[in-house]
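**Student:** Prediction below, plus the sequence it came from.
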Amino acid sequence: MSTPVLLEAIGIEKYYDKFAALGGVNLKVRANTVHSVIGPNGAGKTTLFHMLTGTKTVSAGRIVFDGHDVTHEPDYRRVQRGIARSFQVTSLFLTLPVRENLRLAAQGIAPAKALNCWHAPVGARACCGHRGQCAGQAGSGALCRHPGRQSFARATAPTGGGHGPCRQAQGDLLDEPTSGMGIDDLDDMKRLIKSLRDEHTVVLIEHNMNIVMDISDTVTVMQLGRVLAEGLPHEIRSDDRVRAAYLGNMITGGKA
């Protein structure tokens with residue numbers, strides 16, 4: 001039996017003057033799955049992420065998350081609802097240790113409290129259990145100090161909402177989480193992302209086809225701001241339209 005739809009985009013359009021970055025994208029992401037969005041550079045993948053997370057506003061269409069119409073909600077409000085995101089370019093506090101980066105992410109739900117210099121980060125402000133869990137998921141020691149892993153851990157940190165100060169994120173949108181990683185780290189990252197499905201829903205932008213085909217429940221292929229194809233990994237692998245438009249050498253694996 002299919003799990004319910006957690007995140008849905010309905011006819012999403014985004015125009016920059018007369019240029020259509022997105023030309024009516026429909027997307028259904030089911031709860032507790034890994035849903036990958038792939039396509040060549042310029043296909044509109046990151047623009048779609050901007051729309052889903054509220055980083056930028058839509059020109060037309062609707063976005064529904066967990067039964068709520070969030071189309072016109074700002075990004076911070078979507079964070080409160082349980083949408084988390086990592087970016088291609090990591091933005092970390094490099095002078096802080098890993099756990100402090102994670103604590104700040106967990107506290108971001110209430111900045112006034114998180115940045116209250118008159119009180120120590122204890123109790124609800126500390127979110128110790130959740131930041132420890134996130135660090136454990138992303139790896140420990142030197143491994144977790146990798147910017148990509150820290151960014152991954154911050155995206156899966158608690159985001160708040162109506163269930164206490166440290167609610168776990170429901171929807172994790174990961175924009176090329178393996179970018180800049182060495183080949184020795186890729187298998188670990190695959191296991192990390194795949195392991196999130198018990199408690200999270202993952203929407204993934206990734207160019208490494210080995211990763212996409214190994215961990216995805218559903219793959220959506222974009223081209224020129226529209227959805228070209230969608231299906232199970234093996235269906236996408238054998239789709240002639242996809243092969244002609246994008247995958248090329250994917251049959252033998254590799255990075256497209």
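**Tutor:** Okay, I see it.
**Student:** ok, Ile12 touching Val58?
**Tutor:** Yes: with contact defined as CB atoms under 8 Å, Ile12 reaches Val58; the gap is 5.7 Å. From N, CA and C alone the C-beta is placed, and that goes for glycine too.
**Student:** Who has more neighbours out of those two?
**Tutor:** Ile12 (24 against 21; other CB atoms under 10 Å).
**Student:** what sits against that one?
**Tutor:** Neighbour list for Ile12: Leu22, Gly24, Val25, Asn26, Leu27, Leu48, Met51, Val58, Ala60, Gly61, Arg62, Ile63 [criterion: CB atoms under 8 Å, 6 or more residues apart in numbering].
**Student:** Including secondary structure and pLDDT, could those residues go into JSON lines?
**Tutor:** Shown next, in JSON lines, are these (DSSP: H, G, I helix; E, B strand; the rest coil; pLDDT from 0 to 100):
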{"residue": "Leu22", "secondary structure": "strand", "pLDDT": "98"}
{"residue": "Gly24", "secondary structure": "strand", "pLDDT": "97"}
{"residue": "Val25", "secondary structure": "strand", "pLDDT": "98"}
{"residue": "Asn26", "secondary structure": "strand", "pLDDT": "98"}
{"residue": "Leu27", "secondary structure": "strand", "pLDDT": "97"}
{"residue": "Leu48", "secondary structure": "helix", "pLDDT": "97"}
{"residue": "Met51", "secondary structure": "helix", "pLDDT": "97"}
{"residue": "Val58", "secondary structure": "coil", "pLDDT": "97"}
{"residue": "Ala60", "secondary structure": "strand", "pLDDT": "97"}
{"residue": "Gly61", "secondary structure": "strand", "pLDDT": "98"}
{"residue": "Arg62", "secondary structure": "strand", "pLDDT": "98"}
{"residue": "Ile63", "secondary structure": "strand", "pLDDT": "98"}
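**Student:** from these, which is closest to Met189?
**Tutor:** Leu48 (21.9 Å; CB to CB).
**Student:** can you give me the strands in the protein?
**Tutor:** Counting by DSSP state E, one finds strands in the chain at the ranges 5-16, 19-30, 34-38, 60-65, 68-69, 83-86, 171-175, 201-205, 218-223, 226-231.
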